[in-house]
Every structure is written in structure tokens, then in C-alpha cells.
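[1] got a predicted structure plus its sequence, pasted below:
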Amino acid sequence: MEKRITKIDVPPTAHYVRRCSAYPCSYIYFLSFLLLTLFIFAGCGREVIVPESLTGEWRTSAPGYDDRYMKFTTNRLIYGIGDGGEISHPIKKIDIEQLGQRTVYTFYYIDAEGDKTFLSFTYSSDAGGTIQLKNDKNDKIWKKAAP
């Protein structure tokens, strides 16, 4: 025989508390924990690693660029700005698109003013590797400098 709780059986200070069964509550807590963990780690980006074929210093023989260069390290883009000066930028993301024998790379980085910007170029492995910047109207060819 089942005992039913009536208002008379409950002391006046007791409150009715509705509890869910163990399974649905633990499931909800687990999902909440999982979502919280994903949100926390979503901000922790993976480390960007520059392809080995691009790491090193790149120079062009174009007039006026004798003391200028681009250098790629494992996770930084460095511009040689002349008179021995350099500007270094942390690379945040790399997009890679294969177009036949050539590869289009787009490097996203933060500039010196803190703005998000990018460098896009086409890489070819011909002649030891060449780079041609996408926004260069003069079609300068950059070649990997000897180490």
C-alpha cells in the first residue's frame, strides 16, 4: 500500500522540493560542464606553424629593395625595413590553397598598431622556391636567400 503525502502530513516549515532523477540531472551537469570547457578552450588557439619550405629569409632583386627582405620563422613574419631594422609580427592563422603546381598562402597577423592584417602570396617550388605577392603590381619575384 502506497502512502500519500497530504498537506496535513507535512510540517508547516517544510518546503516541497522537486528533484529530478539521478540520470537526467547528471546528464545536464555533464553537458553544462562540457560546454563550459569548450568555451574556455575555444579562445586558446592552436599554435600556428609556418611550413618548412617557407621558413627562412626571402629577398628580391628588384631596384630599391637591396636592404629589404621578408623572413618567416616557425610562428612569426619579419619584415626587413632597411638600415638593419626589422618589424616582427606574430602569425595568428595561415590559409593554404593548392592551385596546380603553385600554392597560395595567406598569413593573418597583428601589425605594429595592433590591427589585424594579412599577407597573401603565391609560392612555387621552382628554382629553389619563389614567392610572388598577390598585391604587388610590379610582379616582383622573391627568392629564398642562402642560409
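    Thanks, I have it. Residues are numbered from 1 along each chain as shown.
[2] only C-alpha atoms for contact and neighbour calcs from this point on.
    Fine.
[3] give me the phi and psi for residue 62.
    For residue 62, the backbone dihedrals (degrees, to the nearest 10) come out as phi -60, psi 140.
[4] show me what contacts it?
    Applying C-alpha atoms under 8 Å, 6 or more residues apart in numbering, one finds that residue 62 lies in contact with residue 140.
[5] relative to residue 142, how far out is it?
    Counting by C-alpha to C-alpha, to the nearest Å, the gap from residue 62 to residue 142 is 9 Å.
[6] centre-most residue in this structure?
    Taking C-alpha atoms, centre = their mean, the centroid of the chain lies closest to residue 93, which sits 3.6 Å from it.
[7] I'd guessed that one sits against residue 48; true?
    Yes - if you go by C-alpha atoms under 8 Å, residue 93 and residue 48 touch, sitting 6.2 Å apart.
[8] mutual contacts of the two, please.
    Joint contacts of residue 93 and residue 48 (C-alpha under 8 Å, 6+ apart) do not exist.
[9] following the helix or strand of the chain with the lowest mean pLDDT, which helix or strand shows up next?
    When the helices and strands of the chain are scored by mean pLDDT, DSSP states H and E, helix 22-42 comes last with a mean of 65. Later in the chain than helix 22-42, the nearest helix or strand by DSSP states H and E is strand 56-60.
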